[in-house]
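1. Starting from these lines, generate the structure:
(2 chains)
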Amino acid sequence: MTAAATSVRPRSVGRFRLGTLERRNLKWGLLFISPWAFGFIALGVFPILYTFFLSLTRYTGFRSPTLIGFNNYTTMWNDPDFWKAAYNTLYYTVLAVPIGVVVAMLLAIAMNQKVREVAIYRAIFYLPSILPVFAISFVFVVLLNPGYGLVNLLLTSAGLPSPNWLGDPAYTKLALVMIAQLGAGQWALVFLAGLRGIPIELYESAEIDGAGAFRRFRSITLPLMTPVILYDIIIGLSFGLQVFTSAYILTGGATRGGAGPDNSLLTYVFYLYQQAFQFGAMGYAAALSVVLFLASVILAMAVFRWARGWVFYGGEEA
Amino acid sequence: MATTEAARPIAVATTPHRRTRWRQVFTGSVVPRVILILSCLVFLAPFYWMVVSALKTNTELAQFPPSLIPGAWAFNNFPDAINYIPFGLYTFNSLVITVGATIGAVLSNTLVAYGFSRIQWPGRNALFYLCVATIFLPYPVILVALFDIFGRLPSFGIQGAKSWVDTFLPLIVPAFFGNPFYIFLMRQFMLGIPKELSDAAKVDGASELQTFWRVILPLTRPAVIVVLILAAVAAWNEFLLPLLYLQSNDKYPLAVGLIFFTSEHDVSYNLLMAASTLIVLPVVIIFLVAQRFFIEGITVGGVKG
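-> Residues are numbered from 1 along each chain as shown, chains lettered A, B, ... in the order given. Just a heads-up that it's a prediction; the model follows:
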């Protein structure tokens, strides 16, 4: 992010000479950002505080909430479905995020070569990432069907086994990961912009020093791309933890009620949704929300901390 | 990387060099092309299968192995799909929500981005970082609380509901309070406009609002279009929120209406695919028309969240 450059006050003299101007600016500045500020408090801070409160209550959504202390949290600790949902979500995230980074990086590197018709590839990669996930998920129900799906047709004609993607708990989450990869084109473009920003002289001098293509990737491309990779990981983590639509649709969602074979598609937000809006356990769902909030903050902080060891900011200096 | 190799002029044609030249062409343009074309096929496959399945009859869809091209083109799946659910009504609902949310996004995000970029005030950057930091938080965390809050807000009879629940309001109104990603994107763009332009307008006696409206907003048009398109597509694609907030069948947008195709034991996947094709089509068309703005959204904002 390049915002830091603007934090320098353009003329520090104005601060002393024009106190009224500064006050005027503050008034107008706050006025202009007031829509966000109001939303941040009314639709962000307040709901989070309210969620904390509701998590300490028994509440169906109709009669007023009754305080029950930390009961929801102890229930959660002993709730196998909670653990299953947490496991499923982490499993999915741990699989989807690194795969997403690798796919985006490969596509970006391929697009960064001298190919004249790159605009066509760019469009084709990008398009699926803006299509509605619910529609793509419905398509995957058909695509992955062992009988009339394209995927197993290709697998069997290649002599490979033909898994029951949506019926076998070992494969259902792979289906979710596949759906997520259709969004990789977007990240490939972000990575491509990053690749284009690397000074070509670095590659030239490395080549003169006799570094091969792989070595140049390891020592130049990868380090300079680490800020973008970190950004992808952080956003991917947040999206991974909130995966819902694809899981909901792949299970048949509304009608069948379950969450896939052996609850293998019961993602965390899916479980939260079931508790709050199908079973009317709003208090319990609020406790689930609090845990999700804390987990995402802690995981993001852990990633940032871990990233200190490998993110390279040297080239970012403006 | 091979970019530098391919960019270098190759003139020498002696035998040892010819081999390296061939290798350069191979690694610099053949290999990437093969990778790119194969990946494009993978990315296009779902789209292809959707359209093909939409054009098969029920019996052909059930046959094994599946045909790659429909035997008898069942174009009547499209009218059948439209008649299977109240497609017109759902399209109308989707459009109302999309237009409302888009207006909100354009109005609020331009104003907020202006406040975060064109006026210098104490605490501005701290608040901006706070705003951007919220991009990382998973939205579902506040779903339960928001649902309860909206369930207590009076709707004054809008859409015949007692509260905001079962109206379009929870899907439209929050858009009027800005979106961190769009604010970020628009702010980056506004920072690129020379400060002198605002100063000149102020010297001419323009108020802050006039400077915003007459000077900065016209110059921000590309970013406004980016936000407009992204917000419209996001509202059209939204699934979880309408699923939560809308309870009457006649208020569903297309996203939720599609579920009716799977509501019986006998799912007619060809009709479902036909309806999906119709829902996806406007997004594809907008993309083809306005591709430049999507790509710009990525390069200006650095990232699309």
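2. Show me which helix runs longest in the chain.
-> I'll assume chain A. Secondary structure assigned by DSSP state H gives helix A:80-111 as the longest helix of chain A.
3. The chain in question should be chain B.
-> Assigned via DSSP H, chain B shows its longest helix as helix B:269-301.
4. Spell out whether that one and chain A are in contact.
-> Yes: legend: contact between helix B:269-301 and chain A by Cβ under 8 Å from any Cβ of the partner chain is shown at B:269, B:272-273, B:276, B:279-280, B:283-284, B:287, B:291, B:294-295, B:298-299. (C-beta placed from N, C-alpha, C; glycine too.)
5. Weed out the non-buried ones from those residues.
-> Listed as buried from the residues of helix B:269-301 next to chain A are B:269, B:272-273, B:276, B:279-280, B:283, B:287, B:294-295, B:298; burial here means 16 or more other Cβ atoms under 10 Å in any protein chain shown.
6. Serialize those residues to JSON lines and add fields for pLDDT and distance to A:P169.
-> Compiled in JSON lines, those are given as follows (pLDDT from 0 to 100; distance: Cβ to Cβ, whole Å):
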{"residue": "B:Y269", "pLDDT": "86", "distance to A:P169": "23"}
{"residue": "B:L272", "pLDDT": "91", "distance to A:P169": "24"}
{"residue": "B:M273", "pLDDT": "93", "distance to A:P169": "26"}
{"residue": "B:S276", "pLDDT": "94", "distance to A:P169": "26"}
{"residue": "B:I279", "pLDDT": "94", "distance to A:P169": "30"}
{"residue": "B:V280", "pLDDT": "94", "distance to A:P169": "30"}
{"residue": "B:V283", "pLDDT": "93", "distance to A:P169": "33"}
{"residue": "B:F287", "pLDDT": "91", "distance to A:P169": "36"}
{"residue": "B:F294", "pLDDT": "80", "distance to A:P169": "37"}
{"residue": "B:I295", "pLDDT": "78", "distance to A:P169": "40"}
{"residue": "B:I298", "pLDDT": "71", "distance to A:P169": "37"}
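7. which stretches of chain A have low pLDDT?
-> A:1-18, A:253-257, A:314-318 (pLDDT under 70).
8. try it again with 80
-> Applying pLDDT under 80 to chain A flags residues A:1-19, A:114, A:148, A:252-258, A:313-318.
9. which residues of it fall in strands?
-> A:57-58, A:66-67 (DSSP state E).
10. Now render the ones you listed as JSON lines, adding mean neighbour count and distance to A:V102.
-> Shown next, in JSON lines, are the strands of chain A (neighbours: other Cβ atoms under 10 Å in any protein chain shown; distance: least, Cβ to Cβ, whole Å):
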{"stretch": "strand A:57-58", "mean neighbour count": "18", "distance to A:V102": "44"}
{"stretch": "strand A:66-67", "mean neighbour count": "10", "distance to A:V102": "48"}
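11. Among the ones you listed, which comes closest to chain B?
-> Across the strands of chain A, chain B has its closest neighbour in strand A:57-58 (11.0 Å, Cβ to the nearest Cβ).
12. from the middle of its chain, how far away would that closest one be?
-> Relative to its parent chain, strand A:57-58 has a centroid offset of 31 Å by Cα atoms, centre = their mean, to the nearest Å.
13. Quick one: list the elements packing against that strand.
-> strand A:66-67, helix A:282-307 (3 or more Cβ pairs under 8 Å, 6 or more residues apart in numbering or on different chains; DSSP states H and E).
14. Put together a markdown table for those, with distance to B:I229 on each row.
-> Below are the helices and strands packed on strand A:57-58 laid out as a markdown table (distance: least, Cβ to Cβ, whole Å):
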| stretch | distance to B:I229 |
| --- | --- |
| strand A:66-67 | 47 |
| helix A:282-307 | 28 |
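15. could you dump the ones you listed to TSV with distance to chain B?
-> Below are those laid out as TSV (distance: least, Cβ to the nearest Cβ, whole Å):
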stretch	distance to chain B
strand A:66-67	15
helix A:282-307	4
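16. Could you give the backbone dihedrals for the nearest residue to B:P282 once chain neighbours are set aside?
-> Among residues not flanking B:P282 along the chain, B:W236 sits closest, at 7.1 Å (Cβ to Cβ, 6 or more residues apart in numbering or on different chains). B:W236 adopts backbone torsions of phi -60, psi -40, taken as degrees, to the nearest 10.
17. tell me the contacts of B:W236?
-> Neighbour list for B:W236: A:132, B:94, B:98, B:255, B:282-283 [criterion: Cβ atoms under 8 Å, 6 or more residues apart in numbering or on different chains].
18. Of those, which is the nearest to A:A211?
-> B:V283 (43.7 Å; Cβ to Cβ).
19. How about the contacts made by the closest one?
-> Contacts of B:V283 (Cβ under 8 Å, 6+ apart): A:130-132, B:233, B:236-237.
20. Go through these and say which is closest to B:R118.
-> When those are compared against B:R118 (criterion: Cβ to Cβ), the nearest one is B:V233, at 27.3 Å.
21. Identify each buried residue in the one helix or strand that closest one maps to, please.
-> For B:V233, the host element (DSSP states H and E) is helix B:221-237. Residues of helix B:221-237 classed as buried by neighbour count (16+ other Cβ under 10 Å): B:223-237.
22. tell me the mean pLDDT for it?
-> The average pLDDT within helix B:221-237 is 92.
23. Please compute how far it lies from its chain's middle.
-> 7 Å.
24. hey, C-alpha coordinates of it in CSV?
-> Listed next in CSV are the C-alpha coordinates belonging to helix B:221-237 (Å, rounded to 0.1, in the frame of the first residue of the first chain):
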residue,chain,number,x,y,z
ARG,B,221,-14.8,9.6,-13.6
PRO,B,222,-12.7,6.5,-14.5
ALA,B,223,-12.6,5.5,-10.8
VAL,B,224,-16.3,6.2,-10.4
ILE,B,225,-17.0,3.9,-13.3
VAL,B,226,-14.8,1.2,-11.8
VAL,B,227,-16.6,1.4,-8.5
LEU,B,228,-20.0,1.5,-10.2
ILE,B,229,-19.3,-1.7,-12.2
LEU,B,230,-17.7,-3.6,-9.3
ALA,B,231,-20.5,-2.6,-6.9
ALA,B,232,-23.2,-3.5,-9.5
VAL,B,233,-21.6,-6.9,-10.2
ALA,B,234,-21.2,-7.6,-6.4
ALA,B,235,-24.8,-6.8,-5.7
TRP,B,236,-26.0,-8.9,-8.6
ASN,B,237,-23.8,-11.8,-7.4
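25. now for the next helix-or-strand element following that helix, which elements pack on it?
-> Downstream of helix B:221-237, the first helix or strand assigned by DSSP H and E is helix B:240-245. In terms of contacts (3+ Cβ pairs under 8 Å, 6+ apart), helix B:240-245 is packed against helix A:268-273, helix B:143-150, helix B:169-172, helix B:254-257.
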